[in-house]
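> can't give you the sequence, but here's the structure:
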């Protein structure tokens, strides 16, 4: 009997290096979206950081920021703005991290980031509450405008006397007008008083025989106005020249 032909050796086919291991799913559109989202997140964070650094450098080099920080309200507003931007940026980063990250340690990192965000929110709330609570408070109100009683030197007909007083309250500088209760004496109008001091010399006509009363109209830089009046014995006392 003839021998049966031996089977030819079957060469094993080489494995395809591009073939996926069994049980592993091919990449999906979601993976592509996650990768693109990470790149977008890094780009936005970098852009925001560069913008803030650029603003601070511009403010310092331009010497405008330093000058404005001498004003309490400007410094308070700048601090509030920086904290608000930082808190919002961290909140956005944490949110995008939860949505896009596939890192197995993401939960631990998110918890740590959330603790930092909680602290910043507390500090921001305190500062914002203080800022808006004091910016429009009663401390901005001016004291009522007032004039002290005039001190007047005694005079005689044809001589000169000095009227002195002090304006208080309101907003500096002030203006005042002296109106005399005697038709022979001219009104002294719109005299300046930067610090509230009134020191005015007045000439008495030679034909005056009686005491001279007067009224003072005063207004401040905020357009508030009052009228102060001194009559009879409280006015300019006239002594006989004889």
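Happy to help now that I have it. Please read all numbers here as calculations on a predicted model, not as lab measurements.
> tell me how far residue 90 lies from residue 51.
Using CB to CB, to the nearest Å, we find residue 90 at a distance of 16 Å from residue 51. In short, each C-beta sits where N, CA and C put it, glycine included.
> over to residue 165?
For residue 165, the distance to residue 51 equals 57 Å [CB to CB].
> which one's more surrounded, the two?
Ranked by neighbour count (other CB atoms under 10 Å), residue 165 and residue 51 place residue 165 first, with 22 against 11.
> distance of the more buried one relative to residue 177?
When CB to CB is the yardstick, residue 165 and residue 177 sit 13 Å from each other.
> which neighbours do those two share?
In terms of CB atoms under 8 Å, 6 or more residues apart in numbering, residue 165 and residue 177 are both contacted by the residues residue 216.
> could I get the full set of helices for this structure?
When assigned using DSSP state H, the helices of the chain occupy the ranges 29-61, 64-69, 72-100, 106-135.
> name the helices or strands packed onto the third one?
This means helix 72-100. Helix 72-100 sits against helix 29-61, helix 64-69, helix 106-135, with contacts defined as 3 or more CB pairs under 8 Å, 6 or more residues apart in numbering; DSSP states H and E.
> mean pLDDT for those: which is lowest?
Averaging pLDDT over each of the helices and strands packed on helix 72-100 singles out helix 64-69 as the lowest, with a mean of 63.
> now do the closest residue to residue 197 other than its chain neighbours against residue 192, distance only.
Sequence neighbours aside, residue 166 is the residue nearest to residue 197 in space, at 6.0 Å (criterion: CB to CB, 6 or more residues apart in numbering). From residue 166 over to residue 192 the distance is 15 Å, taken as CB to CB.
> so, low pLDDT: which residues of this structure?
Regions of the chain meeting the criterion pLDDT under 70 cover residues 1-39, 41-42, 45, 55-70, 72, 96-103, 106, 131-140, 240-242.
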